[in-house]
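Student: here is a sequence together with a model predicted from it:
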Amino acid sequence: MQLTHLTQHRLFLPLLALTIILLANVLFSPEFFHLEFKDGRLYGSLVDVLNRSAPTALLAIGMALVIATGGIDLSVGAVIAISGAICANLLNSGFDALPLVIFAGLAAGLAAGTINGGLVSIFGIQPIVATLVLMVAGRGIAQLINSGQIITFQHEGFAAIGVGTALGLPMPVIIAVAIFLLVQILMRFTALGLFVEATGCNPTASHYAGLNVKAIKFSVYGISGLCAALAGMIITADIQGADANNAGLWLELDAILAVVLGGASLAGGRFSLPLTMIGVLIIQTMSTTIIMSGIEPKYNLLIKSLVIIVVLLLQSPTFRQQIRQLFGAGKAMQGDRV
Amino acid sequence: GESSQQAPASATEKNLVVGFSQVGSESSWRTSFSESVKAEAAKRGIELKFSDAQQKQENQIKAIRSFIAQGVDAIIVAPVVETGWKPVLTEAKRAGIPVVIVDRNMALEDDSLYLTRVASDFVEEGRKAARWLMEATEGKCDIVELQGTVGATAAIDRMAGFNEVIAEHENARIIRTQTGEFTRSKGKEVMEAFLKAEQSGKSICAVWAHNDEMAIGAALAIKEAGLDPGDDILIVSVDAVPDIFKAMADGDTNATVELSPHMGGPAFDAIEAHRQGKTDIPKLITIQGDVFTQATAAEEYAKRKQ
Amino acid sequence: MSERKTVLQLTGVCKRFKGVFAVNHVDLNVQEGEIHALLGENGAGKSTLIKVMTGVYSADSGRIELCGTAVSPQSPLDAQRHGISTVYQEVNLLPNLSVAHNLYLGREPRRFGCIQWRRLQKDAQALLRQFDLNIDVSESLSSYSIAIQQLVAIARAVDCSAKVLILDEPTASLDAKEVVVLFRILRSLRDKGVAILFVTHFLDQVYDLTDRITVLRNGEKVGTFNTAELPRPQLVAHMLGKELQSIEAEKTASRSDDTANTTLQVERLSTSQGLRDINFRAQAGDAVGLAGLLGSGRSEVCAALFGLAPLTEGQLSLRGNHYRPKSPADAIACGIALCPEDRKIEGIVHPLSVRENMILALQAKRGWWRPLPRHEQNQLAADATARLRIVCSDPEKPIGELSGGNQQKVILARWLMTHPNVLVLDEPTRGIDIGAHAEILQLIRQLCAEGMTLIVASSEIEELVAFSNKILVLRDKQLHTVIEADAISENAVLAAIAGSN
Amino acid sequence: MNRRYLPVAVTAVLFVALFIAGSLQFSGFASARVILNLFTDNAFLAITALGMTFVILSGGIDLSVGAVLAFSSVLCATLVENYGWHPLQAFPVVLLLGAVFGTTMGVLIHTYKLQPFIVTLAGMFFARGLATVLSEQSIAIEHPFFDAINNFGFSLPGRGWLSSATLVLIAVFAFGTWLAHFTRLGGYIYAIGGNSQSAVLLGVPMGMTTIAIYTLSSTLAALAGIVYSFYTASGYALTGIGLELDAIAAVVIGGTLISGGYGYVLGTLLGVMTMGLIQTWISFHGGLSSWWTKIFIGGLVLSFMIFQRWIAVGLHTRLQQK
Ligand SMILES: Nc1ncnc2c1ncn2[C@@H]1O[C@H](COP(=O)(O)OP(=O)(O)OP(=O)(O)O)[C@@H](O)[C@H]1O
Ligand SMILES: Nc1ncnc2c1ncn2[C@@H]1O[C@H](COP(=O)(O)OP(=O)(O)OP(=O)(O)O)[C@@H](O)[C@H]1O
Ligand SMILES: [Mg+2]
Ligand SMILES: [Mg+2]
């Protein structure tokens, strides 16, 4: 009874999938589970998984909200590049007070979000194209800021965003967790979550019920822009350089993938940030596992696609029922024979 | 119909018009390359039509065809990939426009399709990197490899050249290889994982990175793991972008093989020679890439930083 | 009657949702050439039973026989192939396709592998003309009002019907005129031998049209009766399981038209949607009815009051203050509420729960930063469920899983919670059962007594007459006549709607 | 004019405006050659975008097309070069595999109710992975048949050249128009995009239609791969990265709603041509750096979309008032 209760919990299947992928490492590389405490911080592959998940997690938090309103934000990868470029150039230009730099980066993200939000909610342009525009042009803007070069910088304080340690964990993990908690509280302890979901479920009816649908759509793109800017700073600080050409390239797809692995529908509606985080972890664990396993890189994509399909199928009620029937049928046949 | 025939006529009266189809702007090396060609054209008073293909061959082909439609005097192509150029170069030939291939090679059987190639040799770069490493370690080394993007010509050829030399040394082997996608971030991420998989890096003798960016990323990862890049683990890479000289000067990486971005000069030379009616233009102009090490890194950095 | 052939026979059909019976061992037989009414309260299981018959849901147990052979339709398409055609409760057509295409989707006339669009449109035009509907069939469906969409859905089903025609509340938003046309057509189909199953909450229509009646209650069958032999009170008793308290035909006392007491004043109202020059005034405790034909502009008046259609001219004032809402949020802030006509698109927010649907407008009024505490939400939901007698086992259930009538009540509850000064109801009793209908009328009276102002647009003149103390009759988007107080009677309204100036 | 044709008409008008602007600015722009180049250079994109149109009309999305194109070009090259097949033997195999791939995705989407975005994203990884495993190196195709087809075409005045790719494109679009607007399947596709629940209740065969849509899209992507292998006379695993986004953008620029149900095949062709025209304009200009190119493309697409909305909304209200 208790067990069935457990298996029916909505966190169960995604967690199961994550565990299975983690356990695959027992076969390939047992070092994966090695953890030690070194120089005041936890050290090991599991920590790396968390650390490398942080930017995607931040993107996915914003993306989850955008998707919940029935939109999509393809521009986050480009926003990463822009915020990184702005921060790096400021650091090199002498205006290197940390709060100022961080503020500038966030402002860039907010500006990007405002553009997206404006296009979607005021001009009524379809989200996928509206944000595609910034996805293309945004990377151009970042390259323009950097003149196509990688801008490196030396700044202990800013670098700490990417490589620092707090509470024995890498700083990016702390930042991602903090933002996660903040947004989760904002969504679940105020009425915002309800408004976002209602907007995604039925915008017309929500409008009739007195919600300011436009403002809600507008603000989720803003939040998404801010999250992306933060992710951009982490990525930039991590390599102590702003790579406008490659920072965050195709990361939007990972973020969307995470949100969907977390059970959200791209048509809008219900969303769950905890489940989205599990989705992020599944994706990153998969990447790290592939690197650790020593499989030839040309098989990376094949493995990734198969894992995704299996995880999705696991979550599909129809598939589970088919498996159960197969299983049940097997039992019945055995019974017949006896 | 009228206007399209006017274009070449008016162009000859004025200065030379050259179309340049560039791969994209995926790395800072590539950007330096574009800038160098533009600067060279400006110096010579050549009107350069620049087209960025955003890493897509189809865009390059479109650009070349539109250069033909515009009736430019010559076309320079830095191809994204070796194959697939025959149809469009045939068209250029029909239109009587000379084509110069720069950087990567093109697989063409018929060498009348182009005027000349100003080439860098990726396989040779791989060999040079390997030779340097084999010398530094006396042929005994467990190497981890950071590959470029899977399927990219530069990655495939550098790997082939490197492995060719390694094969001659029985105590040298590649113990791990994974793609770092030519980027700093991914290079760092992969190196982090390698370090953990190889007893905190104790069993790694050297990193062989297909470009400088990944090498810099790897150096960061090694430092964060508490080891000393350049000493505990050697790092060798290709490209010779300014940043790697800084890293070498700081003792973080060990060697790089230069891939010169200054290929515009020889290309324009060939075009101008062709216009003057010269016929003895060589079909291959090789750009030599040297190996740079920590020894000269500081002064090279000062020179290249601008 | 007994010698008639049975066309559709259900035996012991069960359907459970999450373990709860929606349909519980129901037997039903529908005969050739009869019109068979399927009646019951909201949530009795009528729509579910129909969906089982037509392959939308698969039955958990039981047998379905068509002309003596067992069938188990896997999908509506399958059911159509068996000769069963259906109009479902909510309008289920495709807003993006043209009216003509909706009528013939999947049955388009073809020649040489190409659809013949000309012929299709001509056929469509002809088909709709049978329903006295003369509209441009090449326009997309979404440009027509929900009532027209309803007619189109009926026309499609009627045109496909081979053996069995099932209609689930087809008359919910139709006017008397359209209903007459529909009945004429149904009778002629019956005479051709088609078996017709008909669901409605209008008992007049049941007695007018049907031959036999099957009553469901709580998913179980109460019995099948010959219409002619079943008196009305007894039918109601079967449906409700108890007698219906008779509602006194007491009229709201007529009041003096006291300008000082005016809650809502509308002057020369015109909108971009075509309303012209509407004037009226309502005071606290008034119930103003809006009557008119299809497309006469009733819904548009409601929309204009609620800030959904920009005014091109005219003035509104609310309790003496200038009032010009730009959006529903504005209107709500000023104390106006609108219970919209198209519940599927404008009302329910589907995967959200019943509780969330109820508190949505109230929460929107409070703003996102002042969330209603959960226990208060639960309390409000429980109160509303009790007050409106909503059949709903769990307020956390997605609203889409409620029966149509109960969804309507949830939306009504949503608006009552905001305690508006002016409550605008557009077809409030659409799809509401007879018991609840009486309750809602009572509720309207009660609200008026509490000092609320109600504006009610309805196609049911009878109900308008029952509670209004002022009826505005609209024609061609203009105010035609105002009938007040003692002058209000069904005949007067009918005459105003039909007659010339 | 019917209101539903409005977005397409607006796109057409804007396309013409853009063309006139280019012609006034650059000599050689207004020529038959530039116009016909648009067809030849974008044939493979147009063919994938056509498949994408059906997918988007049904309310779905197909992210795998770029990868399928790459896979089929590599497979073509491998079969012809490494196994010595005649191209005419290879093509049916390639198309068939494309179809099977699409069918599989369709089955996953329909049977297991998985979201198209994710299934086709996995499909994209899978097809690209398969192509890479088949051959990391690019493979040049040296076959007389390829040369013959590439040299086939009709000369038109103004130095125009009606290439074989253009002929294929025209045939495919004729087929697409017929399918979308003159067959039952076409009606079903619009129906699903309009409202899939209502479509079921109206008796639309969901499974068959969904599977047909994705099969069609993948098959067309495979066909585009073949056209692409002619265009470049080679096969390479890394071609067509991001092609799906170009195709989606073309479909949407052509006036099709991403949420499904509204749009026309002709609009997609106009969308592709508009994007091609923007590219042509940039190469004629020749003075934009890599980043300005991106910013410019983004800006132009944006103003295009805003114009489209603006004109469409304006005309719409004007029509309504009448
Ligand atoms: N999809 C569903 N999931 C769960 N429960 C459902 C679903 N559809 C219907 N029900 C439940 O089944 C019962 C019967 O609903 P049904 O729609 O058949 O009622 P109805 O007789 O048509 O009522 P109405 O007159 O209001 O339309 C209701 O209690 C409803 O909540
Ligand atoms: N008989 C008709 N012929 C043509 N168009 C109609 C007809 N009836 C309604 N319409 C269209 O439907 C739209 C909706 O009108 P509206 O909703 O105001 O009508 P209503 O009086 O509320 O009637 P109902 O709500 O019963 O449809 C109108 O703008 C009109 O264009
Ligand atoms: Mg019902
Ligand atoms: Mg109405």
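Tutor: That came through, no problem. Ligands and ions are numbered 1, 2, ... in the order given.
Student: which SS state does the residue nearest the centre of chain C fall under?
Tutor: The residue lying closest to the centre of chain C (Cα atoms, centre = their mean) is C:Arg430, at 2.8 Å. With DSSP: H, G, I helix; E, B strand; the rest coil as the basis, C:Arg430 sits in coil.
Student: measure it to chain D for me?
Tutor: Distance from C:Arg430 to chain D, counting by Cβ to the nearest Cβ, to the nearest Å: 19 Å. To be clear about C-beta, it is placed using only N, CA and C from the backbone, and glycine gets the same treatment.
Student: element containing the residue of the stretch 101-250 of chain A found nearest ligand 3, please.
Tutor: Nearest residue of the stretch 101-250 of chain A to ligand 3 (Cβ to the ion) works out as A:Ala205 at 19.4 Å. Using DSSP states H and E, A:Ala205 sits in helix A:203-208.
Student: in chain B, which ranges drop under the pLDDT threshold?
Tutor: Across chain B, the ranges flagged by pLDDT under 70 are B:1-14, B:306.
Student: near ligand 1, which residues of it show up?
Tutor: For chain B, the contact set with ligand 1 under Cβ under 6 Å from any ligand atom is empty.
Student: pLDDT averaged over the helix ranked longest in chain D, what's the number?
Tutor: Using DSSP state H to define each element, chain D has its longest helix at helix D:290-321. Taken as a whole, helix D:290-321 carries a mean pLDDT of 79.
Student: do the same with stretch D:167-181
Tutor: For stretch D:167-181, mean pLDDT is 95.
Student: can it be said to contact chain C?
Tutor: Yes - judged by Cβ under 8 Å from any Cβ of the partner chain, stretch D:167-181 comes into contact with chain C at D:Trp178, D:His181.
Student: could I have that stretch exported to CSV, CA atoms only?
Tutor: The C-alpha trace of stretch D:167-181 is given here as CSV (Å, rounded to 0.1, in the frame of the first residue of the first chain):
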residue,chain,number,x,y,z
LEU,D,167,11.8,21.7,-61.5
VAL,D,168,11.7,19.3,-58.5
LEU,D,169,10.7,22.2,-56.3
ILE,D,170,7.8,23.2,-58.6
ALA,D,171,6.6,19.6,-58.8
VAL,D,172,6.8,19.2,-55.0
PHE,D,173,4.8,22.4,-54.5
ALA,D,174,2.2,21.4,-56.9
PHE,D,175,1.9,18.2,-55.0
GLY,D,176,1.8,20.1,-51.7
THR,D,177,-0.9,22.4,-52.9
TRP,D,178,-3.0,19.6,-54.1
LEU,D,179,-2.6,17.7,-50.8
ALA,D,180,-3.3,20.6,-48.6
HIS,D,181,-6.2,22.1,-50.4
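Student: where's C:Tyr144 relative to C:Arg129, distance?
Tutor: Going from C:Tyr144 to C:Arg129 by Cβ to Cβ, to the nearest Å gives 16 Å.
Student: give the closest residue to A:Ala255 in space, chain neighbours not counted.
Tutor: Among residues not flanking A:Ala255 along the chain, A:Leu59 sits closest, at 3.8 Å (Cβ to Cβ, 6 or more residues apart in numbering or on different chains).
Student: against which helices or strands is the helix or strand hosting the one you found packed?
Tutor: Using DSSP H and E, A:Leu59 sits within helix A:45-68. Under the contact criterion of 3 or more Cβ pairs under 8 Å, 6 or more residues apart in numbering or on different chains; DSSP states H and E, helix A:45-68 touches helix A:76-93, strand A:169-170, helix A:171-188, helix A:192-201, helix A:213-239, helix A:251-261, helix A:273-293, helix B:184-197.
Student: quick one: low-confidence ranges for chain D?
Tutor: Where chain D drops to pLDDT under 70, the residues are D:1-3, D:158, D:315-322.
Student: all the helices of it, residue numbers only.
Tutor: In chain D, the segments counted as helices under DSSP H are D:6-25, D:32-57, D:65-77, D:87-111, D:116-134, D:144-151, D:164-182, D:184-194, D:196-201, D:206-232, D:243-253, D:265-285, D:290-321.
Student: make JSON lines from those and add distance to ligand 4 to it.
Tutor: Shown next, in JSON lines, are these (distance: least, Cβ to the ion, whole Å):
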{"stretch": "helix D:6-25", "distance to ligand 4": "27"}
{"stretch": "helix D:32-57", "distance to ligand 4": "31"}
{"stretch": "helix D:65-77", "distance to ligand 4": "45"}
{"stretch": "helix D:87-111", "distance to ligand 4": "37"}
{"stretch": "helix D:116-134", "distance to ligand 4": "36"}
{"stretch": "helix D:144-151", "distance to ligand 4": "62"}
{"stretch": "helix D:164-182", "distance to ligand 4": "33"}
{"stretch": "helix D:184-194", "distance to ligand 4": "22"}
{"stretch": "helix D:196-201", "distance to ligand 4": "21"}
{"stretch": "helix D:206-232", "distance to ligand 4": "32"}
{"stretch": "helix D:243-253", "distance to ligand 4": "34"}
{"stretch": "helix D:265-285", "distance to ligand 4": "34"}
{"stretch": "helix D:290-321", "distance to ligand 4": "18"}
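Student: thinking again about what came up before, and the contacts of the helix holding A:Ala205?
Tutor: Outside helix A:203-208, the residues that touch it by Cβ atoms under 8 Å, 6 or more residues apart in numbering or on different chains are A:70, A:195, A:198-199, A:213, C:306, C:308, C:327-328, C:338, C:340, C:345-349, C:360.
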